[in-house]
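**Q** the sequence and its predicted three-dimensional model are supplied below.
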Amino acid sequence: MKFVLIFGPQAVGKMTVGRELEKLTGLKLFHNHMTLEMLAPLFGFGPETWRLSDLFRKEIFEAVSKSDLDGLIFTYVWAFNLQSDWDFVQQVSDIFESKGAEVYWVELEAELERRIERNRTPYRLEQKPSKRNVEFSEQELKQSLDKYRLNSLEGEIKRANYVRINNTNLTPEEAAERIASQFGL
């Protein structure tokens, strides 16, 4: 079994690259908004949504790790300045590693201007209803830069199965091909 964690800031292309990687590898894509979009209509984006989302995700990860699936691709916005995010990523990785799965970490980064463009793409808006208020979503994207560090520092991640890709000028297919090639997926 393989577990691919694709992380990076909002609108960097995690879900879209993940979808292309799914096509290349047959691994199932579980993007982070799948749980959020289910809960936000009930609880907004308050603490209860985040608590329940983490619970659902962990249960799904446990179920997948015990299944006969070939693996899973999961996308995540990792705030490197929050210990709770480090803990979550480690817990998720441990779930899969404890069952003998290979775990791969993929960090995406892109220039802010490109992320703002991607924030408005039809596929993103189709898959993520909470992003359809584009003005609010763009404002949130920009404001997060003041509050969170959404890409790692040079040398901060010390895992063997880790790659960082600047996909500012890459198509989703090109980024997915790099990931698949890097890890032999």
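**A** That came through fine.

**Q** tell me the secondary structure for Ile73?
**A** Secondary structure state of Ile73, per DSSP: H, G, I helix; E, B strand; the rest coil, is strand.

**Q** that one reaches Leu21, doesn't it?
**A** Yes: using Cβ atoms under 8 Å, Ile73 is in contact with Leu21, at 5.7 Å. Any C-beta I mention is one placed from the backbone N, CA and C, and that applies to glycine too.

**Q** any residues in contact with both of those two?
**A** Common neighbours of Ile73 and Leu21 (criterion: Cβ atoms under 8 Å, 6 or more residues apart in numbering): Val4, Ile6, Leu27, Leu29.

**Q** can you map out the strands along this structure?
**A** Listed in chain order, the strands of the chain (DSSP state E) span 2-7, 28-30, 71-76, 102-109, 162-166.

**Q** among the shared contacts of Ile73 and Leu21, which ones are buried?
**A** Buried subset of the shared contacts of Ile73 and Leu21 (neighbour count, 16 or more other Cβ atoms under 10 Å): Val4, Ile6, Leu27, Leu29.

**Q** could I get those as JSON lines with distance to Val77 and pLDDT?
**A** Shown next, in JSON lines, are these (distance: Cβ to Cβ, whole Å; pLDDT from 0 to 100):
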{"residue": "Val4", "distance to Val77": "16", "pLDDT": "98"}
{"residue": "Ile6", "distance to Val77": "10", "pLDDT": "98"}
{"residue": "Leu27", "distance to Val77": "20", "pLDDT": "97"}
{"residue": "Leu29", "distance to Val77": "16", "pLDDT": "97"}
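
**Q** tell me which of those is nearest to Phe96?
**A** Val4 (10.0 Å; Cβ to Cβ).

**Q** residue contacts, the closest one?
**A** Val4 makes contacts with Gly18, Leu21, Leu27, Gly71, Leu72, Ile73, Phe74, Tyr104, Val106, Ile179, Phe183, Leu185, as judged by Cβ under 8 Å, 6+ apart.

**Q** tell me the spacing between the residue positioned nearest the centre of the chain and Gln10.
**A** Nearest to the geometric centre of the chain sits Thr75, at 1.8 Å (Cα atoms, centre = their mean). Note on Thr75: its distance to Gln10, by Cβ to Cβ, to the nearest Å, is 11 Å.

**Q** if we can go back for a sec, okay, the strands of the chain in JSON lines with distance to Leu39 next?
**A** Putting those into JSON lines (distance: least, Cβ to Cβ, whole Å) gives the following:
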{"stretch": "strand 2-7", "distance to Leu39": "20"}
{"stretch": "strand 28-30", "distance to Leu39": "15"}
{"stretch": "strand 71-76", "distance to Leu39": "16"}
{"stretch": "strand 102-109", "distance to Leu39": "25"}
{"stretch": "strand 162-166", "distance to Leu39": "30"}
